[in-house]
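*Asks:* Next input, structure requested:
(one chain, ligands or ions: 2)
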Amino acid sequence: MPFLVIIVLIAATVTIIVLLQTSARRRRTITQLNVQLAEKAQAVAAWQRRQGLLFSSNPCPMWIYDCQTLRFLEVNDAAVKAYGYSQEEFLAMTLVEIRPEEDVPILLESVRQRHDGYSAVGVWRHRHKDGSIIFVEIMAFKFENAGHQEELILSMNVTERCRVEAALRESEASLKALVDNAPFGISQSLIDGNRIKTLNPALRKMLGDYSVEEALQLNISEQVYADPKDRDRLIEVLRRSGRIQGWETTFRGRDGSLVPVRITGSLSGGEDGTPEVFSAYVEDMTQQSALEQQVRQVQKLEAVGRLAGGMAHDFNNVLVVIKLSTELMLGQITPESPFSKTLLQISNAADRAAALTRQMLAFGRQQMMQPRIINLNTVVSETTQMLRRVIGEDIQLVTNLSETIENSRLDPDQVAQVILNLAVNARDAMPQGGTLHLETSTVDLDETYTKDHPPVQPGRYVMLSVSDTGTGIDKSILPRIFDPFFTTKELGKGTGLGLSIVYGIVKQSGGYVWVYSEPGHGTTFKLYFPTTTASPRRLTFREAFVRPAGQALLVVEDDANIRSNVCQCLQQLGYQASQADSAAAALRVCEELQGKIDLVITDLVMAGKSGNELATDLAERYPGIRVLFMSGYTEDSAARREILLRNSPFLQKPFSVADLAKAVQDTLASTTVMPV
Ligand SMILES: Nc1ncnc2c1ncn2[C@@H]1O[C@H](COP(=O)(O)OP(=O)(O)OP(=O)(O)O)[C@@H](O)[C@H]1O
Ligand SMILES: [Mg+2]
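*Replies:* Ligands and ions are numbered 1, 2, ... in the order given. Have a look, this model is predicted:
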């Protein structure tokens, strides 16, 4: 028993010990759990504090709002600072109140469409408490809280970025406008791709009005350059020097027409495998080329004119001899003489040759013009009689002369010749008949006009226009019609001098000529002559022909044949004629005759002293002496001008005996003497 008791006691003791141990362990475990729980609670509190700080102290304005009511539920300090409202004010407001009114509908729509979780809502306009607008970029996170849909909003102020972007857009737009409105072509093209990358409207127009899409598809070498090799050469230069300046080449327009252009530009890219881009500025040179062509035309005509003038000079001297010799011989024989017919033929041939030289001189602008103050209408009216005969019955002549036309200083004979040449051309252009229109008016050519029509100077002009309804002139030959000897008429029908003479006369008169023509419809020539305020001098009746009463005349001429011819003629006319081969010899003769000379007839251009200088010397020594100048042509334009200015008597070579007789008689009868 005691053993059993002992065992029981031992078992009880062990049990008690085990129980005690278990309870201690349990207590320890509970304590540990409590510690852990406390730690966890601490961690949660720290986490919550951090989360709270993350929201409230975040430098980015943030808020949470109720998606249903749009009411602000929580707002951080940054939002308070950024929008100007206090926390309390915010919490009494809804989202709508920080939006400009006009943005509210799209705000509501945006809120409605937002899904759970994160979304980037884009850039919005918000309103500050002071009413100013700020641009904000919004990010949102939608979640559910206690059965409510709420959304956390992050609002970043991007006003400055938006302002810079807007400024950039504006500057891009104004640059684009600058490029789009540039009067010259601007483009960027890919060197290797042979394609245009961008181009402005001016370049599209230059190339023949391609659309942008079409232009970007063009093969530059083949479809833009008239000669593809030109582009290769340009690229070669670009690669060598990086840029080109004023490179002249020709583009081919959409319709195949050629456009002369000048290109300036530079090359960029090409490093690290980037494409090479050629940025180019392209000037359309069409107008300038036309102007240059006109200047070349003027220069060419002037050179040919000088040549023609020089030839005419020598030719005239020969003609004077032929003309006067035949007339002298004719004066010696009776009309029944067997030589009479032949001599007359020679005389007529000399007249025809003289007419030809006159034309050459007129064309070369070397003719001795005898301009007067005239009214162009008078010449046109006087010429129309003759015109009617020239143009025939199938062509109607219509004149439209402005009554208020101003005067000009012109040689009426030359103007008549101009009208005649133009009318003959018009007639030839209207073989089936038509209308020839002559019109005069006074016009003011302003700088806008003269800029496009060099070398015209601004001013007041009398305009004579001669229009026909004929065949017109083909564009291809238009630049050549004023060329001497240019004709489209068959052999024997035209010499090609008509228009070059017109040109010469108009230029010599200080005027301009322009032609407008439309093939199949007709041609208009417009001539402009400078106006003058002076009035025409009234012509006095010529003194009745007086038979020479043996006045003493002195012929000064270095060409022996002409000299003796003229003396012979004068003697036959009843004058006493002495002769001298130079100015010095003439002064000696005058001295010998003690100045008893009524008239000195002198050539203008002589070796040694000129006729003009002789006249001055004579006037000094023998006041009252009369001088008659004769000349075929003179390069000495100063002398010519002086004679014209003094209105001195002048006899154009070649002349007939009758011309000589009349000139001598007129000079002797005139009261004009050489001024000292
Ligand atoms: N009114 C016109 N209509 C059509 N073509 C014209 C007209 N005027 C001139 N032309 C053209 O210009 C060319 C040159 O004219 P221009 O008067 O110089 O010489 P031409 O008439 O041929 O010969 P010429 O006048 O010496 O008899 C003419 O051949 C003609 O082709
Ligand atoms: Mg002609």
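*Asks:* Tally up the residues packed near Pro623, please.
*Replies:* 12 (other CB atoms under 10 Å). Yep, even glycine has a C-beta here, placed from its N, CA and C like the rest.
*Asks:* Look up how far Ala182 lies from it.
*Replies:* Per CB to CB, to the nearest Å, Pro623 is found 72 Å from Ala182.
*Asks:* ditto for Gly608
*Replies:* 65 Å.
*Asks:* List, one by one, the residues from the stretch 401-550 of the chain near ligand 2.
*Replies:* Residues of the stretch 401-550 of the chain lying near ligand 2 by CB under 5 Å from the ion: Asn425, Gly498.
*Asks:* So which residues of the stretch 401-550 of the chain form strands?
*Replies:* 407-410, 434-445, 459-468, 512-518, 522-532 (DSSP state E, counting those that start in this stretch).
*Asks:* Show me how far stretch 551-561 is from its chain's centre.
*Replies:* 57 Å (CA atoms, centre = their mean, to the nearest Å).
*Asks:* in that stretch, what counts as buried?
*Replies:* Gln551, Leu553, Leu554, Val555, Val556, Glu557, Asp558, Asp559 (16 or more other CB atoms under 10 Å).
*Asks:* Return the closest of those with respect to Thr616.
*Replies:* Closest to Thr616 out of these is Val556 (13.5 Å), distances taken as CB to CB.
*Asks:* Which strand residues bridge that closest one?
*Replies:* Under DSSP bridges, the beta-bridge partners of Val556 are Ala580, Thr602.
*Asks:* Just to check, it is in contact with Leu604?
*Replies:* No. Using CB atoms under 8 Å, Val556 is not in contact with Leu604; the gap is 10.3 Å.
*Asks:* overlap in contacts of these two?
*Replies:* Residues touching both Val556 and Leu604 (CB atoms under 8 Å, 6 or more residues apart in numbering): Gly611.
*Asks:* Nearest to ligand 1: which residue in this protein?
*Replies:* In the chain, the residue found nearest to ligand 1 is Gly498; the distance is 2.3 Å by CB to the nearest ligand atom.
*Asks:* so what's the residue nearest to that residue when sequence neighbours are not counted up against?
*Replies:* Excluding its sequence neighbours, the residue lying closest to Gly498 (CB to CB, 6 or more residues apart in numbering) is Asn421, at 4.2 Å. For Asn421, the contacting residues are Gly498, Leu499, Ile501, Val502, by CB under 8 Å, 6+ apart.
*Asks:* Flag whichever of those residues scores worst on pLDDT.
*Replies:* The lowest pLDDT within the contacts of Asn421 belongs to Ile501, with 84.
*Asks:* Which parts of the stretch 201-350 of the chain are strands?
*Replies:* 243-252, 258-268, 277-284.
*Asks:* follow-up on the earlier one: and the strands of the stretch 401-550 of the chain as CSV, adding distance to ligand 1, mean pLDDT and mean neighbour count?
*Replies:* Output for the strands of the stretch 401-550 of the chain, formatted as CSV (distance: least, CB to the nearest ligand atom, whole Å; pLDDT from 0 to 100; neighbours: other CB atoms under 10 Å):
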stretch, distance to ligand 1, mean pLDDT, mean neighbour count
strand 407-410, 20, 92, 23
strand 434-445, 9, 94, 18
strand 459-468, 5, 95, 21
strand 512-518, 7, 92, 17
strand 522-532, 4, 95, 21
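*Asks:* how is the protein carved up into domains?
*Replies:* 62-162, 182-284, 293-359, 372-532, 552-669 (automatic domain parsing).
*Asks:* Could you find the closest non-adjacent residue to Pro649?
*Replies:* Here the residue nearest Pro649, using CB to CB, 6+ apart, is Thr667, at 4.3 Å.
*Asks:* close enough to count as contact, that neighbour and Phe650?
*Replies:* No. Judged on CB under 8 Å, Thr667 makes no contact with Phe650 at a distance of 9.5 Å.
*Asks:* hmm, back to that, ok, how many other residues are close to the residue of the chain closest to ligand 1?
*Replies:* 25.
*Asks:* Please list all residues in contact with the residue nearest in space to the middle of the chain.
*Replies:* Centroid-nearest residue in the chain: Gln287, 5.1 Å away (criterion: CA atoms, centre = their mean). Shown in contact with Gln287 (CB under 8 Å, 6+ apart): Asp452.
*Asks:* same check, this time on Ser211
*Replies:* Arg204.
*Asks:* backbone phi and psi for it, please?
*Replies:* phi -80, psi 170 (degrees, to the nearest 10).
*Asks:* Give me the pLDDT value at it.
*Replies:* The per-residue pLDDT of Ser211 was computed as 94.
*Asks:* Distance-wise, check it relative to Ala182.
*Replies:* 19 Å.
*Asks:* swap in Leu53?
*Replies:* 59 Å.
*Asks:* go on, Val466?
*Replies:* 42 Å.
*Asks:* Tyr210 too?
*Replies:* Using CB to CB, Tyr210 is found at 17 Å from Ala182.
*Asks:* cool, and His313?
*Replies:* For His313, the distance to Ala182 - CB to CB - is 55 Å.
*Asks:* Neighbour count: these two, which is higher?
*Replies:* Under the neighbour definition other CB under 10 Å, His313 and Ala182 were set side by side, and His313 has more, 19 against 14.
*Asks:* pLDDT score for Val298?
*Replies:* 68.
*Asks:* Kindly apply the preceding question to Gly632 instead.
*Replies:* 73.
*Asks:* Tell me who's in contact with it.
*Replies:* Contacts of Gly632 (CB under 8 Å, 6+ apart): Ala312, His313, Phe315, Asn316, Asn317, Val320, Thr357, Leu361, Gln652, Lys653, Pro654.
*Asks:* At which residues are the helices of the stretch 51-200 of the chain located?
*Replies:* Taking DSSP state H, counting those that start in this stretch to define them, one finds helices in the stretch 51-200 of the chain at 77-83, 87-91, 104-113, 159-180.
*Asks:* can those go into JSON lines with extra columns for distance to Glu393, mean pLDDT and mean neighbour count?
*Replies:* Putting these into JSON lines (distance: least, CB to CB, whole Å; pLDDT from 0 to 100; neighbours: other CB atoms under 10 Å) gives the following:
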{"stretch": "helix 77-83", "distance to Glu393": "98", "mean pLDDT": "95", "mean neighbour count": "19"}
{"stretch": "helix 87-91", "distance to Glu393": "104", "mean pLDDT": "95", "mean neighbour count": "15"}
{"stretch": "helix 104-113", "distance to Glu393": "85", "mean pLDDT": "90", "mean neighbour count": "13"}
{"stretch": "helix 159-180", "distance to Glu393": "59", "mean pLDDT": "93", "mean neighbour count": "11"}
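*Asks:* Roughly how far does Ile391 sit from ligand 2?
*Replies:* 13 Å (CB to the ion, to the nearest Å).
*Asks:* got the residues of this structure near ligand 1?
*Replies:* Neighbours of ligand 1 within the chain, by CB under 6 Å from any ligand atom: 421, 425-426, 429, 468, 470-471, 473, 481, 486-489, 494-500, 523.
*Asks:* Using CSV, list the CA coordinates for stretch 329-338.
*Replies:* Once non-C-alpha atoms are left out, stretch 329-338 reads as follows in CSV (Å, rounded to 0.1, in the frame of the first residue of the first chain):
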residue,chain,number,x,y,z
MET,A,329,24.5,115.6,-167.2
LEU,A,330,20.8,115.7,-167.6
GLY,A,331,21.0,119.4,-167.4
GLN,A,332,23.3,119.4,-170.4
ILE,A,333,21.2,117.4,-172.8
THR,A,334,17.8,117.5,-174.2
PRO,A,335,15.1,115.0,-173.4
GLU,A,336,15.4,113.6,-176.9
SER,A,337,19.1,112.6,-176.3
PRO,A,338,19.8,108.9,-176.4
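*Asks:* from what I can see Asp394 touches Gly433, true?
*Replies:* Yes. Using CB under 8 Å, Asp394 makes contact with Gly433 at a distance of 3.3 Å.
*Asks:* These two: which is more packed in?
*Replies:* Gly433 (14 against 11).
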